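Asks: fold the following for me, if possible:
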Amino acid sequence: MIRAIAIVLCLSISTPAFASYCVYVGKNLTANGKVFLAGYGDEPSSHWLEIIAGRDHAPGTMIRVGITGAASMPGVFGELPQVARTAKYITMNYSEYSGFPAPLTNGGLNEWGVAARDVWSTSRRELRDMTPNPQGGGPNYSDLARIVMERAHSARHAVGIVGDLIDRYGFSTYGGNSHLFADADEGWVFINFAGGQGLWAAERLGPDEVRVSRPGYIDDFPLDFDNDPDYMASDNFISFAVEQGWYSADSGVPFNVSEVYGQDERFGEPTLQLIPKNHLGVHYIEDGLRNLGRKVTLEDMIAVVRTGNVTHDSAGYGQVAELGHGPHPELAILWVAATTPETAPFIPFRIGVTDVPPELGYHRYLSSGQARDAYIDEEIRGSESTRFALRTYKRLRYLMEEHEEKFLPEVAEALVALEGRLIAEQSSVERTALKLFEAGEPDLARQYLTYYASTEALNGMRLGDALAASIEARTRAIYGIRQ
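Replies: Residues are numbered from 1 along each chain as shown. Down below sits the predicted model:
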């Protein structure tokens, strides 16, 4: 049914309530020679797709960053300078993480071919305890993801941007975090820790590597990282651990980032020994992708994000970025599932797309704070009059889940069939758009790409509605609706 789903179906996985997820596969391991960066954001709130246009900014423009006193680790807002020009990018925004101001993002794909995913990570209790209260207005995880989308020209550049911002302004944490940045040649996993000490580290992922983050992790790290092009870190990254007595440089033991800084008694010690190997199956998924016996395909990446052993109801969306040196930068592609990937199809959106259907845009459903308002504001009544993709696919999920053994196979079969058609069409879509770009008709090329993506997104919703109607009718007839 789904070729790669066997990689993880055999696992017995117990997942926490919320756990974003990310998968990187280097270009030498993929069937089309492209880097894949896939995953989803795990947040119980409204999610909507946006195309953010590139923008010019006047000198002296500042952007607000940070968190509020309502966060689990309270903080304040700060400001930092905006650059003169920000890039166009595709992202899924969402409305809720306590104390972190909306709209929030975990990354996406920008016009320079840089993709980003944000994934939780851990910090040892001592670091969490020494975090200032309130924190001092440094950027939060969403601020950093958005800034990378606006500014980064490569994955390595993204690490430099985020590291420099933390060095200058600090970081507003909820207890530790990670990012995974990727471009057509490589990936970088970036970990930043609680504690208010500006601790961060990054490791390069090459063309022959697979990395699954859940949580984000780095293991052995060189003590002389300044002389190793595959690693970067804050200046105090080793010395602070030595000062605290958490590591001895004379011990001869490798500096394992996960064990030195990432232990978290809430998940077991050392955290990263427990979670990837025994709790969430991260290393099993990595090994499965390495040992397929063939090159990894786009279908495999979709399946590894979709499988119910990894995804669940709080997963707000799914994404797969295909990153390569293509014939035109605006043909770079991000596959997007509008909500929980188990019951939502992945639709291709290229950087040349200029807009999304209102059905995929912002709606009040599951949006933070909307229950306080008895009436819909006039300016959003137009979009609220449309169906909402998130709600369509949530309904399908709940219907399917009631009798999963009976209905999941047919839902999966239909989604895979739709995606198979879309995947087969992409070479034709690319050639058509490229002809228009080469003919000096960039606006026509963008109109074509926008029309194609919008049409297929609505076709996906029609499929979701049809599946839901069929399953609901049979549920009523065979089982009744559970009250």
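
Asks: dihedrals phi and psi, the closest residue to residue 211 other than its chain neighbours?
Replies: Nearest non-adjacent residue to residue 211, counting by Cβ to Cβ, 6 or more residues apart in numbering: residue 24, 4.5 Å away. Placement of C-beta: from N, CA and C, glycine included. In terms of degrees, to the nearest 10, the main-chain angles of residue 24 are phi -110, psi 130.

Asks: touching, residue 24 and residue 178? I think so.
Replies: No: assessed by Cβ atoms under 8 Å, residue 24 is found out of contact with residue 178, at 11.9 Å.

Asks: in contact with the residue nearest the centre of the chain, which residues?
Replies: Relative to the mean C-alpha position of the chain, the nearest C-alpha, by Cα atoms, centre = their mean, is the one of residue 117, at 3.6 Å. Contact analysis of residue 117 by Cβ atoms under 8 Å, 6 or more residues apart in numbering lists 20, 22, 37, 39, 106-107, 179-180, 213, 319.

Asks: can we see that at 6 Å?
Replies: 22, 39, 107, 180 (Cβ atoms under 6 Å, 6 or more residues apart in numbering).

Asks: repeat that for residue 141.
Replies: 118, 177.

Asks: count of neighbours near the residue nearest to residue 211?
Replies: Counted with other Cβ atoms under 10 Å, residues neighbouring residue 24 total 28.

Asks: longest single helix anywhere in this protein?
Replies: helix 442-478 (DSSP state H).

Asks: give me the buried positions along it.
Replies: 445-450, 452-454, 456-458, 460-461, 463-464, 467-468, 471-472, 475 (16 or more other Cβ atoms under 10 Å).

Asks: and the average pLDDT for it is what?
Replies: If you average the pLDDT over helix 442-478, you get 98.

Asks: mind starting the numbering at 697 from now?
Replies: OK, 697 is where the count begins now, so the last one is helix 1138-1174.

Asks: against residue 1109, how distant is the residue nearest to the centre of the chain?
Replies: 28 Å (Cβ to Cβ, to the nearest Å).

Asks: again with residue 1084
Replies: Distance from residue 1084 to residue 1109, by Cβ to Cβ: 25 Å.

Asks: in terms of neighbours, single out the busier of those two.
Replies: Neighbour count, other Cβ under 10 Å: between residue 1084 and residue 1109, residue 1084 has more, with 24 against 12.

Asks: quickly find the element holding the residue nearest to that one when sequence neighbours are not counted.
Replies: Excluding the flanking residues, the one nearest residue 1084 by Cβ to Cβ, 6+ apart is residue 1059, at 4.1 Å. Assigned by DSSP states H and E, residue 1059 falls within no helix or strand.

Asks: thought residue 1085 was touching residue 1059, still the case?
Replies: No: here residue 1059 lies out of contact with residue 1085, judged by Cβ atoms under 6 Å, at a distance of 8.8 Å.

Asks: so between these two, which is more surrounded?
Replies: More crowded of residue 1059 and residue 1085, by other Cβ under 10 Å: residue 1085, with 30 against 22.

Asks: chain neighbours aside, what residue packs nearest to that one?
Replies: residue 1034 (3.8 Å).

Asks: check contacts around the one you found.
Replies: Residue 1034 touches 1040, 1056, 1085-1086, counting by Cβ under 6 Å, 6+ apart.

Asks: let's go with 10 Å and repeat that
Replies: By Cβ atoms under 10 Å, 6 or more residues apart in numbering, the contact set of residue 1034 is 743-745, 788, 1012-1014, 1040-1043, 1052, 1055-1056, 1084-1090, 1153, 1156-1157, 1160.

Asks: cool, residue 797 as well?
Replies: 760-764, 766, 773, 791, 836, 838-839, 1064.

Asks: please, where are all the helices along the stretch 897-1046 of the chain?
Replies: For the stretch 897-1046 of the chain, applying DSSP state H, counting those that start in this stretch gives helices covering 933-939, 953-956, 967-970, 978-986, 994-1002.

Asks: tell me which of those is the most buried.
Replies: helix 994-1002 (a mean of 25; mean count of other Cβ atoms under 10 Å).

Asks: show me what that one is packed against.
Replies: helix 702-705, strand 717-721, strand 731-736, helix 978-986, strand 1014-1019, strand 1029-1033, strand 1042-1046, helix 1100-1134 (3 or more Cβ pairs under 10 Å, 6 or more residues apart in numbering; DSSP states H and E).

Asks: quick one: average pLDDT of stretch 886-895?
Replies: 97.

Asks: just the endpoints, please. Distance across it?
Replies: Using Cα to Cα, to the nearest Å, one end of stretch 886-895 lies 11 Å from the other.

Asks: and if you look at stretch 1033-1045?
Replies: 11 Å.

Asks: now do that stretch: distance to the chain's middle.
Replies: 13 Å (Cα atoms, centre = their mean, to the nearest Å).

Asks: repeat for stretch 716-731
Replies: 14 Å.

Asks: tell me the buried residues in that stretch?
Replies: 716-723, 725-726, 730-731.

Asks: for stretch 762-780, same thing?
Replies: 762-763, 767, 769-771, 774, 776, 778.

Asks: ditto for stretch 817-828
Replies: 817-820, 823-824, 827.

Asks: okay, residue 838: pLDDT?
Replies: Confidence score, pLDDT, at residue 838: 97.

Asks: confirm it sits in a strand?
Replies: No: using DSSP: H, G, I helix; E, B strand; the rest coil, the assignment for residue 838 is helix, not a strand.

Asks: show me where the stretch 797-946 of the chain has strands.
Replies: Ranges of strands in the stretch 797-946 of the chain, per DSSP state E, counting those that start in this stretch, are 800-801, 804-806, 811-816, 873-878, 883-888, 896-901, 906-909, 916-917, 927-929.

Asks: who's in contact with the residue nearest to residue 907?
Replies: Contacts of residue 720 (Cβ under 10 Å, 6+ apart): 731-735, 811, 813, 851, 876-878, 882-885, 901, 905-909, 982, 985, 1017.

Asks: next, count neighbours for the nearest residue to residue 1042 once chain neighbours are set aside.
Replies: In this structure, residue 1042 finds its nearest non-sequential neighbour in residue 1031, 4.1 Å apart by Cβ to Cβ, 6+ apart. The tally of other residues near residue 1031 (other Cβ under 10 Å) stands at 25.

Asks: likewise residue 989?
Replies: So residue 989, with other Cβ under 10 Å, has 4 neighbours.

Asks: out of the buried residues of stretch 817-828, flag the one nearest to residue 926.
Replies: residue 817 (19.4 Å; Cβ to Cβ).

Asks: tell me who's in contact with that closest one.
Replies: Residue 817 neighbours (Cβ under 10 Å, 6+ apart): 837, 869, 871-875, 885-890, 909-914, 954, 957-958, 960, 967-968.
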